[in-house]
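In: Here is a sequence together with a model predicted from it:
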Amino acid sequence: MESLNIIIAYLLDLALGDPRGFPHPVKIMGKLINFLERVLRRGKNWWILRIKGAILALSVVGASASCAYLILELMRKINPIAEYLARIFLAYTSLSTKDLILHARLVLKEIKAKNVVEARKRLSYMVSRDTRYLSENEIIKAATESIAENTNDGIIAPLFYLILGGPVLAVSYKAINTLDSMVGYKNEKYSDFGWFSARLDDVANYIPARISGFLISISSFILCKGFKDSFKTMLRDGKKHLSPNSGISEAAMAGALGIRLGGGAVYQGRFVRRQYIGKDIKKVDTFLI
């Protein structure tokens, strides 16, 4: 029965995505994180900030999991059909396949129209780096990196946890992933306060990220892009990324497309040096346009 719920939830995500104005659980998680951050992120002592950061992460994950569990229990007591629908709903909200596709297509649409300024704006909704001065090729590469990373974060990892532990575990994962996206930065502001959230996300994504990389390689074979280059690049360059997980899917994607990803980028006004992933075998626009 749970497998059928997951299939229905995935189809709903493909059909509906995240409608504008919809009270998505991730938005509620974000508001909770913002509130707790204002309360907890005070002082300058690094170890106290780390303890407070751990309290933040455990509180948000615990609250998210508890709410998901209580919703299912409440629906179960009301009616078995209500519980069934609640399980599908929570599973559906843990996925973000359609939104990823839509954001990528909007960037590509502007690139095709040679509207680089609007393409940078569209890209800023997908990535955390500064997009204001990116060239056309850099925009396409950044969008490709985001697609590769979010294939794991928005599709494979949620499905992994849905299969492993149902909606409650999937909601817990989304809380971890949301924490990382909001406070898990290696900068002066969050290096200590967000440390626990970032490490928690690394642990939660370790297995799913490697599944994602392998599935990208399999997909490249199915699409006649070649399995060998994708898989070889994943093994060779997957560890070059600053994240122990994001580099796996990015390297698999780079190898499948025959392009080079990575390199330095500006995040919140700070230039971050990054190693290159993959090799420039093809022009960066040949596989998109």
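Out: Nice, I can see it.

In: Contact partners for the residue positioned nearest the centre of the chain?
Out: For the chain, the residue sitting closest to the mean C-alpha position, by CA atoms, centre = their mean, is residue 153 at 3.3 Å. Residue 153 is in contact with 177, 205, counting by CB atoms under 8 Å, 6 or more residues apart in numbering. Every C-beta, even on glycine, is put in place using the N, C-alpha and C of the backbone.

In: cool, residue 156 as well?
Out: Contacts of residue 156 by CB under 8 Å, 6+ apart are 208, 211, 212, 215.

In: and the residues you listed, which of them are in helices?
Out: With DSSP state H as the criterion, helices contain 208, 211, 212, 215 from among those.

In: Any regions of the stretch 1-150 of the chain where pLDDT drops low?
Out: 1 (pLDDT under 70).

In: what about the helices in it?
Out: Counting by DSSP state H, counting those that start in this stretch, the stretch 1-150 of the chain has helices at residues 2-16, 25-40, 46-78, 80-93, 97-112, 116-124, 136-151.

In: For the first one, which helices and strands make contact with it?
Out: Applying 3 or more CB pairs under 8 Å, 6 or more residues apart in numbering; DSSP states H and E, we find helix 2-16 packed against helix 80-93, helix 97-112, helix 157-183.

In: which one of those helices is the most hemmed in?
Out: Ranked by average neighbour count under the criterion mean count of other CB atoms under 10 Å, the helices and strands packed on helix 2-16 are headed by helix 157-183 at a mean of 23.

In: by contact count, what packs against that one?
Out: helix 2-16, helix 25-40, helix 46-78, helix 80-93, helix 195-222.

In: Out of these, flag the one nearest residue 105.
Out: Judged by CB to CB, the one of the helices and strands packed on helix 157-183 that comes nearest to residue 105 is helix 2-16, at 14.0 Å.

In: Determine how far that closest one lies from the middle of the whole chain.
Out: With CA atoms, centre = their mean, to the nearest Å as the basis, helix 2-16 stands 19 Å off its chain's centre.

In: now stretch 50-64
Out: On CA atoms, centre = their mean, the centre of stretch 50-64 falls 20 Å from the chain's centre.

In: didn't residue 106 look like it was pressed against residue 122?
Out: Yes - applying CB atoms under 8 Å, one finds residue 106 in contact with residue 122, separated by 4.7 Å.

In: re the thing from before, nearest to residue 255, of the helices and strands packed on helix 2-16?
Out: helix 97-112 (19.1 Å).

In: Which strands or helices does that closest one pack on?
Out: helix 2-16, helix 116-124, helix 136-151.

In: Tell me which of those helices sits most buried.
Out: helix 136-151 (a mean of 22).

In: circling back: pipe the helices of the stretch 1-150 of the chain into CSV and attach distance to residue 266 per row.
Out: Below are the helices of the stretch 1-150 of the chain laid out as CSV (distance: least, CB to CB, whole Å):
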stretch, distance to residue 266
helix 2-16, 32
helix 25-40, 23
helix 46-78, 25
helix 80-93, 32
helix 97-112, 18
helix 116-124, 12
helix 136-151, 11
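
In: for those, which one sits closest to residue 173?
Out: So among the helices of the stretch 1-150 of the chain, helix 46-78 is nearest, using CB to CB, at 9.0 Å.

In: Need the distance between the two termini of stretch 216-230.
Out: Length of stretch 216-230, first residue to last, CA to CA, to the nearest Å: 8 Å.
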